[in-house]
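**Q** prediction below, plus the sequence it came from.
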Amino acid sequence: KAGVTQTPRYLIKTRGQQVTLSCSPISGHRSVSWYQQTPGQGLQFLFEYFSETQRNKGNFPGRFSGRQFSNSRSEMNVSTLELGDSALYLCASKGGGRYEQYFGPGTRLTVT
Amino acid sequence: KNEVEQSPQNLTAQEGEFITINCSYSVGISALHWLQQHPGGGIVSLFMLSSGKKKHGRLIATINIQEKHSSLHITASHPRDSAVYICAVRKDDKIIFGKGTRLHILP
């Protein structure tokens, strides 16, 4: 089975712009979670989607949003980028009824 | 105070040494994960525990639910074990991460 894939792997944006990141889960996995990792805050949970519905949300401003499509692929969007949004964004998928997550390689976003 | 605390933050050891990384949490959880992150960012899930002990190769993970504490042990450590090890707990369908332990094994 192919693993979790994320695109793009690297991205440079300027303040005020918006960005969309994509995550394709392992085939058959319906849950996709997104995480932000920064040197200062470590890993933080952004949100989780299951069957096209947001199931949980972390403590991030409304500039961070996401969605999931019928094929379980997920996108997250960050609008009005700030310098502090520079981070590694990771997604993870898991299969039904299981806690174990499989992480993608991440998208490294740099905001200048 | 963070809900998930790891110690030590950094650890340097010689190849072959027995390594212990600790994780304490202050919330009720349904599961605890140990993750490994190599330079470059890739994260691998090592263990998911809800009780007792699990072993995979040279890695052993234990959890004490009453004491809200988990340990990750590495036997016969090797330079390829050098990575950041992250403890994460599942609470109410959300995951809370520790800050990680940076492990460096010297040849």
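**A** Okay, I see it.

**Q** pLDDT below threshold where in the chain?
**A** You didn't pick a chain, so chain A it is. Residues of chain A meeting the criterion pLDDT under 70: A:1, A:96-99.

**Q** let me rephrase: I mean chain B.
**A** B:1.

**Q** which stretches in the chain count as strands?
**A** Went with chain A since none was named. Using DSSP state E, the strands of chain A run over A:5-7, A:10-13, A:19-24, A:31-38, A:42-50, A:53-57, A:64-68, A:74-78, A:87-94, A:102-103, A:107-111.

**Q** the chain in question should be chain B.
**A** Going by DSSP E, chain B shows strands at B:4-7, B:10-14, B:19-25, B:31-37, B:43-49, B:52-56, B:59-64, B:69-74, B:83-91, B:94-97, B:101-106.

**Q** possible to save those strands as TSV with mean neighbour count?
**A** All C-beta atoms are positioned from the backbone trio N, CA, C, and that covers glycine. TSV is the format used below for these (neighbours: other C-beta atoms under 10 Å in any protein chain shown):
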stretch	mean neighbour count
strand B:4-7	19
strand B:10-14	13
strand B:19-25	19
strand B:31-37	22
strand B:43-49	18
strand B:52-56	12
strand B:59-64	18
strand B:69-74	20
strand B:83-91	22
strand B:94-97	21
strand B:101-106	17
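
**Q** what residues does stretch A:21-29 touch?
**A** Around stretch A:21-29, the neighbours that count as contacts under C-beta atoms under 8 Å, 6 or more residues apart in numbering or on different chains are A:1-8, A:11, A:31-32, A:34, A:72-77, A:89, A:91, A:93-95, A:102, A:104, A:107, A:109.

**Q** separate out the buried members of those.
**A** Buried members of the contacts of stretch A:21-29, scored by 16 or more other C-beta atoms under 10 Å in any protein chain shown, are A:4, A:6, A:31-32, A:34, A:72, A:74-76, A:89, A:91, A:93-95, A:102, A:104, A:107, A:109.

**Q** ok, and of the residues you listed, which contact chain B?
**A** Contacts with chain B within these, counted by C-beta under 8 Å from any C-beta of the partner chain: A:Tyr102.

**Q** dump the strands of chain A to JSON lines, plus distance to B:Asn10.
**A** Shown next, in JSON lines, are the strands of chain A (distance: least, C-beta to C-beta, whole Å):
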{"stretch": "strand A:5-7", "distance to B:Asn10": "28"}
{"stretch": "strand A:10-13", "distance to B:Asn10": "27"}
{"stretch": "strand A:19-24", "distance to B:Asn10": "30"}
{"stretch": "strand A:31-38", "distance to B:Asn10": "18"}
{"stretch": "strand A:42-50", "distance to B:Asn10": "14"}
{"stretch": "strand A:53-57", "distance to B:Asn10": "31"}
{"stretch": "strand A:64-68", "distance to B:Asn10": "30"}
{"stretch": "strand A:74-78", "distance to B:Asn10": "31"}
{"stretch": "strand A:87-94", "distance to B:Asn10": "20"}
{"stretch": "strand A:102-103", "distance to B:Asn10": "23"}
{"stretch": "strand A:107-111", "distance to B:Asn10": "23"}
